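Student: next comes the sequence, and after it the predicted model I'd like to discuss.
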Amino acid sequence: TRVFGYDPADLVGENLFDQFHPDDRAGTMEAFFGVVEDSNANVTTECRLRAADGGWRAVQGRYRNMLDDDAIDGILLYLRDITEAKRRARRFEGIFNQAFQFTGLLEPDGTIIEANDTTLEFTGVDRDTVVGCPLPDAPWWPDADAVADIGDAIRRGANGEFVRYETEVNSTDGLATVDLSVKPVIDDNDDISLLVVEGRNITAQKQRRQHLEVMQRILRHNMRNDLTKLRGWAQVLCEETDPDARAEHLGTIERTLDRWAALVEKVAEIRQALSNGAGRTAKRLDPLLEGAVTPVREAHPDATISVDTSDVGSVQVPARLRNAVAELADNAAKSTPDATVDIEGSRPREEWIEIRVADDGPGLPEAEATVLETGEETPLTHGQGLGLWMVRTIVTQAGGDVSAEVTADGTEVRLRVPTGPTPDAGVDPGPVE
């Protein structure tokens, strides 16, 4: 009477299942008759029951077989009204799953209780895969260092500390940088009952910040030096009377201006990469690499440039990767008069492709290698141009990373990117123009 508004006498003699919501009726009947057939069964279900005013209340029902009890000789049904609890749960789930940030709830030992839809969509992982497993065992951590970092954050959070740091995760678009935090939840007994993990994708912000720093360096250092040189050569040109000498000075000025024209083109390429990601079109790796090296071979006929994609098959990669490979191949080809450049594709893992560009030149300067690998510069350590920064930008925008190794035998650069097109990408298996 209090919960449903019925006079109990009105229900006596009625069919119980007529009171349940039509969508819940089959499941409720199955549970009920399962208990009838099994005297040891004790089943709990959730369903909707009609109230006297025609509305529906969410209830939790527990069925118990009491047919062997002479006093009851029937099925005992306990009903508990959970309407408000279900409403609160739906409200929580709505907020939890609609949150823009990646959010997860953990046991204090790091076991995943729940992960919101944003997290699962970003990482491409099913809820059943991660719920119930320790967070460090989740499949989105890219390496052992990331696993160690989250393990340390969980331990500190379980001790009552708020932890926040930057880390990397594997997403559906490749490697991403995430601003991650672990916060303990303290109950009325001052015990830590939960850990809340939140993450925010800051990949684009970090790349734009690094790009701004590089552009500031270019304007501050390279442009200042070249303007000083141009002013000097222009003065010499004005004072020079010998035609051959004047032509030589003019050539020096033109080469400097050409270098800045090329720099402007690279700035445009980087801006496009930062604005649109790695491009929504994927191309097959073998024609992409051939398209990248063809103009380099024409520009450096004395260089020997080989391409090997025999171990990767018809794998698809972001189309804009062509520009990155072309830049590395061109740098390698002009490192010595008769340079040997080897470009090789491999698949270290099923979902990743690695492109190796190796040369026999004098070796990439340490400052350039640092910029290529980390994207970080200091006032005393910085690259001399935008070419390698463009390479890093394209690769990281594709969700990948770059490594460089300089030895006495030359330089080896490795580009690692996720394979295949993005979900709505077009796929062009043909040659790259």
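Tutor: On my side now, so go ahead.

Student: which intervals of the stretch 201-350 of the chain have sub-threshold pLDDT?
Tutor: Low-confidence segments of the stretch 201-350 of the chain, defined by pLDDT under 70, span residues 270, 272-280.

Student: now the strands for it?
Tutor: Ranges of strands in the stretch 201-350 of the chain, per DSSP state E, counting those that start in this stretch, are 281-284, 304-308, 316-318, 340-349.

Student: these: which one's closest to residue 8?
Tutor: Of all the strands of the stretch 201-350 of the chain, the one in closest proximity to residue 8, counting by C-beta to C-beta, is strand 340-349 (65.5 Å). For every residue, glycine as well, the C-beta is placed using N, CA and C.

Student: mind checking the longest strand of this structure?
Tutor: If you go by DSSP state E, the chain has its longest strand at strand 174-186.

Student: what helices and strands are in contact with that one?
Tutor: Applying 3 or more C-beta pairs under 8 Å, 6 or more residues apart in numbering; DSSP states H and E, we find strand 174-186 packed against helix 144-158, strand 163-171, strand 192-201, helix 203-217, strand 410-418.

Student: elements contacting the last one?
Tutor: Read that as strand 410-418. Right, strand 410-418 is packed against strand 174-186, helix 321-333, strand 352-359, helix 387-397, strand 401-407 by 3+ C-beta pairs under 8 Å, 6+ apart.

Student: mean pLDDT lowest for which of these?
Tutor: Among the helices and strands packed on strand 410-418, helix 387-397 has the lowest mean pLDDT, at a mean of 80.

Student: ok so, going back, just put the strands of the stretch 201-350 of the chain in CSV and tack on distance to residue 238.
Tutor: Output for the strands of the stretch 201-350 of the chain, formatted as CSV (distance: least, C-beta to C-beta, whole Å):
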stretch, distance to residue 238
strand 281-284, 50
strand 304-308, 43
strand 316-318, 49
strand 340-349, 42
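
Student: contact partners for residue 142?
Tutor: If you count contacts by C-beta atoms under 8 Å, 6 or more residues apart in numbering, residue 142 has them with 168-170, 175.

Student: and if you look at residue 197?
Tutor: Counted by C-beta under 8 Å, 6+ apart, residue 197 has contacts 102-106, 135, 180-183.

Student: for the residue nearest to residue 114 when sequence neighbours are not counted, pull up the helix or strand it's in.
Tutor: Distances taken as C-beta to C-beta, 6 or more residues apart in numbering put residue 105 closest to residue 114, at 4.7 Å, once the chain neighbours are dropped. Residue 105 is located in strand 102-106, with elements delineated by DSSP states H and E.

Student: so what strands line up beside that strand?
Tutor: Here strand 102-106 is paired, per DSSP bridges, with strand 112-115 (antiparallel), strand 192-201 (antiparallel).

Student: most packed of the strands of the stretch 201-350 of the chain?
Tutor: Most buried of the strands of the stretch 201-350 of the chain, by mean neighbour count (mean count of other C-beta atoms under 10 Å): strand 316-318, with a mean of 26.

Student: follow-up on the earlier one: how far is the strand holding residue 105 from where the chain is centred?
Tutor: Remark: strand 102-106 is offset 17 Å from the chain centroid, using C-alpha atoms, centre = their mean, to the nearest Å.

Student: in that strand, what's buried?
Tutor: 102-106 (16 or more other C-beta atoms under 10 Å).

Student: before we move on, the earlier item: which among the helices and strands packed on strand 410-418 is found nearest to residue 237?
Tutor: Comparison of the helices and strands packed on strand 410-418 against residue 237 by C-beta to C-beta identifies helix 387-397 as nearest, at 28.7 Å.

Student: span of stretch 189-207 from start to end?
Tutor: 44 Å (C-alpha to C-alpha, to the nearest Å).

Student: how far is that stretch from where the chain is centred?
Tutor: Per C-alpha atoms, centre = their mean, the centroid offset for stretch 189-207 relative to its chain is 16 Å.
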